[in-house]
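1. pasting a predicted model and its sequence here:
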Amino acid sequence: AQKITQTQPGMFVQEKEAVTLDCTYDTSDQSYGLFWYKQPSSGEMIFLIYQGSYDEQNATEGRYSLNFQKARKSANLVISASQLGDSAMYFCAMREANQAGTALIFGKGTTLSVSS
Amino acid sequence: SQTIHQWPATLVQPVGSPLSLECTVEGTSNPNLYWYRQAAGRGLQLLFYSVGIGQISSEVPQNLSASRPQDRQFILSSKKLLLSDSGFYLCAWSSGGIYGYTFGSGTRLTVV
């Protein structure tokens, strides 16, 4: 079974609009971390935001916020006021506390296209 | 500050040729190191991770191998490349804590 599921292969949004990228996860651990990364066409992986499983408040970083619904096992990324430079692939990832090596496990990604 | 170097940036290799991709980390000691592969337009697949010198764990059976000869050096190798080995290879390191996952700039490998 997939640990991280991103059901939206592609999303299209206009500048200045908000967009939500979906992510659901599967784990039996109580302690885990959820991450979002942005990958522009250059290929670099840019860290956006982190949410710990014990964090009571949703994480926010500038225009990025994470809508964390623990009971539903979802960790959706919300980008407010989209910009052309937001066009990229976005990955949701999870780290489980009991996972050897603490490697990140990634979803398949969502391609976001922002138009003017 | 910590930095991660990965090279080469691009590589075109014939089927059956060997491969060696190198990743080095500076500014930290005893990092956890990872190799990921990304097929075109797809997600990142964890290939190998290492928690110390000489300690390699493989996540996916494949044509590739990894080695960690020094604390901050991680090498991805193949004796004979296959067409299916084409992809974008990313090295990453972490301190093992919550944050600190840093990725290299990647190597685009095309096997022809």
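-> Arrived safely, thanks for sending.
2. list the contacts for the most centrally placed residue in chain B?
-> The C-alpha lying nearest the average C-alpha coordinate of chain B belongs to residue B:35 (Cα atoms, centre = their mean; 3.3 Å). Residues in contact with residue B:35, defined by Cβ atoms under 8 Å, 6 or more residues apart in numbering or on different chains, are B:23, B:46, B:47, B:48, B:49, B:66, B:74, B:76, B:89, B:90, B:91. From N, CA and C alone the C-beta is placed, and that goes for glycine too.
3. nearest spatial neighbour of the second one, skipping sequence neighbours?
-> Once flanking residues are discounted, residue B:46 sits nearest to residue B:59: 4.6 Å by Cβ to Cβ, 6 or more residues apart in numbering or on different chains.
4. surely the one you found is in contact with residue B:44?
-> No: look at residue B:59 against residue B:44 with Cβ atoms under 8 Å: they stay out of range, at 11.4 Å.
5. please name the bridge partners of residue B:32.
-> Judged by DSSP bridges, the bridge partners of residue B:32 are residue B:94.
6. likewise residue A:94?
-> Listed beta-bridge partners, residue A:94: residue A:34, residue A:105 (assigned using DSSP bridges).
7. how about the residues of chain B by chain A?
-> Neighbours of chain A within chain B, by Cβ under 8 Å from any Cβ of the partner chain: B:32, B:34, B:36, B:41-46, B:49-51, B:57, B:59, B:88, B:90, B:92, B:94, B:96, B:98-99, B:101, B:103, B:105-106, B:108.
8. quick check on these: which are buried?
-> Among the residues of chain B next to chain A, those classed as buried by 16 or more other Cβ atoms under 10 Å in any protein chain shown are B:32, B:34, B:36, B:43-46, B:49-51, B:59, B:88, B:90, B:92, B:94, B:101, B:103, B:106, B:108.
9. that older thread, and the residue nearest to the centre of chain B, that one's in a strand?
-> Yes: inclusion of residue B:35 in a strand is indicated when DSSP: H, G, I helix; E, B strand; the rest coil is applied.
10. returning to what we had before: and of the contacts of residue B:35, the nearest to residue B:112?
-> Nearest to residue B:112 among the contacts of residue B:35: residue B:89, at 16.3 Å, using Cβ to Cβ.
11. now that closest one: how far from residue A:73?
-> Using Cβ to Cβ, to the nearest Å, one gets 30 Å for the distance from residue B:89 to residue A:73.
12. keep only those of the residues of chain B next to chain A that are in strands.
-> With DSSP state E as the criterion, strands contain B:32, B:34, B:36, B:44-46, B:49-51, B:57, B:88, B:90, B:92, B:94, B:103, B:108 from among these.
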